[in-house]
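> coords below, sequence missing:
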């Protein structure tokens, strides 16, 4: 037992640094001194009661899985989980934990950019889209892509600007009515030219109203904010989309061949 614990400790050091503090069955933690506390366990505790306890038969996608904290939690509930990340360092961490501590129903981890999902011939019952949106240079494109893969539920989390106001716009505005765009609660995103918290991969920070508006325009209607900056989103029924987005534009942007038909409805 002592040798086993020493081996686990060596692997934790070898695979560091860690951004996910994962509590391992051996009693070790991967990042016990995390600057955000017990992260992302603190986030999981905010949403775990809203996700079905029994996920047997569910397919789940964890976007930006990092070391796989959420992937393991979903797998423990019986889900078939795919975790994706673009960072080999984090994927090595995730695969080590999956092999070492999850011999049954281990999540599968793949190196993938979020825009690669446009070529993934699979849909998912549950998608976790947490802590990724504000790092994306092309956020609306990614959100449209992800929306096409969701069958039951998407859990969406993003850094947001302060304020809970929601401006309810009219269906249309004249060209000279742009003053309304400055109204409190109008959907908007701040563009980050340099960095936030020393991280130059942060590009966009939406307000609460913009999160709701973008989710609706992407194809979600049943949207519930279950905790600060965390939204549960369920797709609308096919054919009920109020404002379609251009499928040909999406195909061109994601490298798909242009096809007939202009709207995604």
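Ah, there it is. These figures come from a predicted structure and were not determined experimentally. Numbers count the residues shown, from 1 in each chain.

> just the helices in the stretch 151-265 of the chain please.
With DSSP state H, counting those that start in this stretch as the criterion, the stretch 151-265 of the chain has helices at 208-218, 247-254.

> The longest one packs against which elements?
The reference is to helix 208-218. Counting by 3 or more C-beta pairs under 8 Å, 6 or more residues apart in numbering; DSSP states H and E, the packing neighbours recorded for helix 208-218 are helix 139-147, strand 220-227, strand 230-235. From N, CA and C alone the C-beta is placed, and that goes for glycine too.

> For residue 182, see how far away the nearest residue to residue 120 once chain neighbours are set aside is.
The shortest distance from residue 120 to any residue other than its chain neighbours is 7.1 Å, reached at residue 149 (C-beta to C-beta, 6 or more residues apart in numbering). Using C-beta to C-beta, to the nearest Å, residue 149 is found at 35 Å from residue 182.

> who's more crowded, the two?
The neighbour comparison of residue 149 against residue 182 (other C-beta atoms under 10 Å) goes to residue 149, with 18 against 8.

> could you list every residue that touches the more buried one?
Taking C-beta atoms under 8 Å, 6 or more residues apart in numbering, we find residue 149 in contact with 61, 117, 120, 122-124, 127.

> Any stretches of the stretch 101-250 of the chain with poor pLDDT?
For the stretch 101-250 of the chain, the stretches flagged by pLDDT under 70 are 237-244.

> 90 instead?
Counting by pLDDT under 90, the stretch 101-250 of the chain has low-confidence residues at 102-104, 221, 236-248, 250.

> Now do the strands in it.
108-111, 124-130, 150-157, 189-191, 204-206, 220-227, 230-235, 245-246 (DSSP state E, counting those that start in this stretch).

> For residue 49, find the nearest of these.
Closest approach to residue 49 among these (C-beta to C-beta): strand 220-227, 9.0 Å.
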